[in-house]
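>>> Mind folding the following:
(one chain, ligands or ions: 2)
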Amino acid sequence: MRERSIQELYADDPERADALAFGRRGALKGAALAAMGATLGAAIPFARHMPQGHLPALLARPAAAQGAAPPVLRMDGKADLILQGDRPLVAETPEHLLDEAVTSTRNFYIRNNGQIPEPFSADPDTWRLSIEGEVNTPLNLTLGELKSRFPVVTRQLQMECGGNGRAFFAPQTRGNQWGNGAIGNAEWTGVRLRDVLQAAGPKPGAAFTGQRGNDPHLSGATDRAAIDRGMRLAKAMDEDTLIAWAMNGQPLPNIHGFPLRLVVPGWPGSLSPKWFTRLVVLDRPHTGAGMGGTSYRVPTRPIVPGSSSNGADFAEMESMPVRSILSSHAHGSRLPAGTRALDLRGAAWAGDLTVRAVHVSTDYGATWQEMQLAAPANRHAWQRWQGRVALPADGYYEVWYRATDSEGRMQPHAAANWNPQGYGANPVSRAAILVG
Ligand SMILES: Nc1nc2c(c(=O)[nH]1)N[C@H]1C(S)=C(S)[C@@H](COP(=O)(O)O)O[C@H]1N2
Ligand SMILES: [Mo]
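Ligands and ions are numbered 1, 2, ... in the order given. I've put the predicted structure just below:
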């Protein structure tokens, strides 16, 4: 009977593969080291630091383990994004395509919960937005009126799906299995929601919002919203919360909400309706589709991974946790023999906070090197990082990268605070790189 390769074993039974590769003492030596090297297709210069129980990054990502390429989005005006699903249409940006300081529209991820509406075919300036609820003067404004009545601002703002990083949870949770690519840092043009709310005049008890667009529910039911979420009024009044009609200097493409969307940077993307038609001001938390229970809510006290919960004592997910990406090298890249340094680049961000530092390790976390980190272009923009690391020899490397936010919180070694819908996973990331 043929021995199964370690690669097959890693795909089927990572624990057993690990036990075989590392043996009881946990050191990768002799035949085991040779087998691991053969599996990875290269020698492992830092094998002495490879921790026991370590599933090599090259094998850890499902597509690599199965030898299959993920499905690719085919859409005019869009790069080859990773197709997460086509009903609803969801597509993730591969990390290495996020190498631009300002994310181009081509490379911006896509997340829909419902159907994609037909493009608005009338004059875009006739699109209407209503501001209702606990306000002295309810407003029903055309896009043309928004443009002429309020100061127009342009800002770089990050938009990130609340479930970004979900694939890193174990056990797996339901929902799109995002890696780190449900993020974009585009340049948005519009007016401040704050200015419009001040024109409407919030009543004394006003404390929350509810906001939605007019995309049909996935089922086609006309009495149900695809998504209809809300937030604390304080975030609506933040100077960076914009009602935007342009993305990177052009009218919004239909897939990103033409002709009007909200941009609530640093908080879950689900708060930023595309095809934006209505915002209601409330004196209590909103109760629309995607609110309450375990939706966009995380445990305040950790729960047993894999257990069920009704989310009663969970808290709203607000400012997103610190995260970093590596954009200069794709996971699994192969570089020419003799390469002795890597010039690494990427980005990092931390919701409403800023990032204080980005560190990289090429020796399985034994040592970490601080990268150069740029200031954000403006508040709520991501920060670019770069730096050079030396490589002692040809072989298999893992680049581990992690950011620390302005309050000292660091990306954890493994996804923490497991929750049924998989929000907030931001572990240290690992990219496999082969030299030679
Ligand atoms: N009308 C509408 N707005 C929406 C959604 C939606 O399904 N319908 N999805 C939200 C979610 S969950 C995210 S993460 C962002 C993604 O924006 P993008 O598709 O422009 O990248 O849009 C948000 N706005
Ligand atoms: Mo999202």
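>>> where's the closest residue to ligand 2 within the stretch 101-250 of the chain relative to V298, distance?
Here the residue of the stretch 101-250 of the chain nearest ligand 2 is C161; by CB to the ion that distance is 3.3 Å. The way it works is simple: take the backbone N, C-alpha and C, and place the C-beta from them, glycine included. Using CB to CB, to the nearest Å, C161 is found at 14 Å from V298.
>>> And A31, by the same measure?
A31 sits 45 Å away from V298, taking CB to CB as the criterion.
>>> Tell me which of these two has more neighbours.
For A31 versus V298, the count of surrounding residues by other CB atoms under 10 Å is larger for V298: 22 against 9.
>>> sec struct for that one, please.
Reducing the assignment at V298 to three states with DSSP: H, G, I helix; E, B strand; the rest coil gives strand.
>>> Got the confidence number for the residue of the stretch 101-250 of the chain closest to ligand 2?
Among the per-residue scores, C161 shows a pLDDT of 98.
>>> who in the stretch 51-200 of the chain is up against ligand 1?
Applying the criterion CB under 6 Å from any ligand atom, the portion of the stretch 51-200 of the chain that neighbours ligand 1 consists of F108, Y109, I110, R111, N112, N113, G114, M159, C161.
>>> and A246, how many neighbours?
A count of nearby residues for A246, using other CB under 10 Å, gives 16.
>>> any idea which helix or strand comes after the lowest-mean-pLDDT helix or strand in the chain?
Least confident helix or strand, the chain: helix 62-66 with a mean of 48, by mean pLDDT, DSSP states H and E. Along the chain past helix 62-66, the next helix or strand (assigned with DSSP states H and E) turns out to be strand 82-86.
>>> hmm, who's touching that following strand?
Applying CB atoms under 8 Å, 6 or more residues apart in numbering, the contact partners of strand 82-86 are 70-73, 90-94, 176-179, 181.
>>> if we go to 10 Å?
Taking contacts as CB atoms under 10 Å, 6 or more residues apart in numbering, the residues outside strand 82-86 that touch it are 63, 69-75, 89-94, 97, 109-112, 167, 175-179, 181-182.
>>> In terms of secondary structure, what does the helix or strand that that strand is followed by contact?
Sequence-wise, the next helix or strand downstream of strand 82-86 (DSSP H and E) is strand 89-92. The contact analysis (3 or more CB pairs under 10 Å, 6 or more residues apart in numbering; DSSP states H and E) places strand 89-92 against strand 82-86, strand 110-111.
>>> biggest helix in the protein, by residue count?
The helix that spans the most residues within the chain, counting by DSSP state H, is helix 30-40.
>>> quick one: buried residues of that helix?
Taking 16 or more other CB atoms under 10 Å as the basis for neighbour counts, the residues of helix 30-40 that come out buried are A32, L33, A35, M36, G37, T39, L40.
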